[in-house]
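Participant: sequence? don't have it. structure:
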């Protein structure tokens, strides 16, 4: 008795039964008709001059056709039972990039640019519900703090240790940090994602080019400028002012125009750091159906029905029948 939910996953394979039926019918008719000499030799002489095929000689041909039939049925995929399987959604991904160059020690933002940036990054992690995050810092070169992960608590544990002392060599190569963030996303198998920069660096052509490459690879680049337009005098480790080649005190400022150019090149947004959460909203574009705007994590317990193929149970029978087809001289 056939099950009520009987279906075929690949019903077009059943077309292979048409040549099977025609060929099988032709072989049966040919055996029933006998040899062509029957019409020319008298019935009384046929037992003495003609050799009639033995009944067993028909078995190999029918065995071959039976194997053909089983192969078609297996390939057609008979099913009548479903099994629920979990379906996992692909989470959005974000890499936070923190500038730890010496200028982040300036106090035009209280208590310092570095500490304000860390506070803001903590706010970002608190709102990063349902996404996977990575974290890296940079100065003269980038350093990975954490690869892409969904463990926000681990990232929060890293925040107190973020400081300008992490970089052994001074400098500020933002373009290398952007390239490294893209590499992190690609290593995690993410075809799309977002890079958020916390920096007070001056933007140059190499940074713009890196942001464009990231956008071309499928990753948006947004930037939060850490500092003020007026800046503050840069001090050395000994506490004295730092002077440029002309003898003037170095006063790092945040160039809003350059930040906008970088955000546009990366397909993201740009903003100065604020006391409210407006900067995070701008950088992450929460108004655009972003998963960061939700207080609920992505659902990972959804299920989809999966058909269980029953044709596999015919394979042992097919294998046993096929053994007879390897006998030497079976068809010749």
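Facilitator: Yes, it's here. Small disclaimer: the values here were computed from a predicted structure and weren't measured.

Participant: Residue 116 touches residue 106, doesn't it?
Facilitator: No: using C-beta atoms under 8 Å as the test, residue 116 is too far from residue 106 to be in contact (10.3 Å). (Glycine included, C-beta is placed from N, CA and C.)

Participant: what about residue 26, which SS state?
Facilitator: Here residue 26 is helix, with the state taken from DSSP: H, G, I helix; E, B strand; the rest coil.

Participant: just checking, what packs against whichever strand or helix holds residue 133?
Facilitator: Per DSSP states H and E, residue 133 falls inside strand 132-138. Using 3 or more C-beta pairs under 8 Å, 6 or more residues apart in numbering; DSSP states H and E, the elements in contact with strand 132-138 are strand 93-99, strand 142-149, helix 152-158, helix 174-187.

Participant: and these, which is most packed in?
Facilitator: Greatest average neighbour count among the helices and strands packed on strand 132-138 goes to strand 93-99 (a mean of 26), per mean count of other C-beta atoms under 10 Å.

Participant: ok, residues contacting that strand?
Facilitator: By C-beta atoms under 8 Å, 6 or more residues apart in numbering, the surrounding residues in contact with strand 93-99 are 117-118, 121, 124, 128, 131-139, 142, 148, 162, 172, 174, 177-178, 181, 184-185, 188, 190, 192-201, 226, 284.

Participant: dump the residue contacts of the residue nearest to residue 11 when sequence neighbours are not counted.
Facilitator: Closest residue in space to residue 11, ignoring its immediate chain neighbours: residue 76 at 6.1 Å, by C-beta to C-beta, 6 or more residues apart in numbering. The contact partners of residue 76, by C-beta under 8 Å, 6+ apart, come to 8-11, 13-14, 311.

Participant: So residue 76 versus residue 106, what's the distance?
Facilitator: 72 Å (C-beta to C-beta, to the nearest Å).

Participant: Which residue ranges of this structure form helices?
Facilitator: With DSSP state H as the criterion, the chain has helices at 17-33, 46-49, 59-76, 113-127, 152-158, 174-187, 205-216, 256-265, 278-284, 315-323.

Participant: JSON lines please, covering these and showing mean pLDDT.
Facilitator: Listed next are those as JSON lines, based on pLDDT from 0 to 100:
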{"stretch": "helix 17-33", "mean pLDDT": "79"}
{"stretch": "helix 46-49", "mean pLDDT": "58"}
{"stretch": "helix 59-76", "mean pLDDT": "82"}
{"stretch": "helix 113-127", "mean pLDDT": "92"}
{"stretch": "helix 152-158", "mean pLDDT": "89"}
{"stretch": "helix 174-187", "mean pLDDT": "95"}
{"stretch": "helix 205-216", "mean pLDDT": "96"}
{"stretch": "helix 256-265", "mean pLDDT": "92"}
{"stretch": "helix 278-284", "mean pLDDT": "85"}
{"stretch": "helix 315-323", "mean pLDDT": "81"}
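
Participant: Dump those to a markdown table, plus distance to residue 82.
Facilitator: Below are the helices of the chain laid out as a markdown table (distance: least, C-beta to C-beta, whole Å):
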| stretch | distance to residue 82 |
| --- | --- |
| helix 17-33 | 26 |
| helix 46-49 | 60 |
| helix 59-76 | 18 |
| helix 113-127 | 39 |
| helix 152-158 | 37 |
| helix 174-187 | 36 |
| helix 205-216 | 43 |
| helix 256-265 | 49 |
| helix 278-284 | 40 |
| helix 315-323 | 21 |
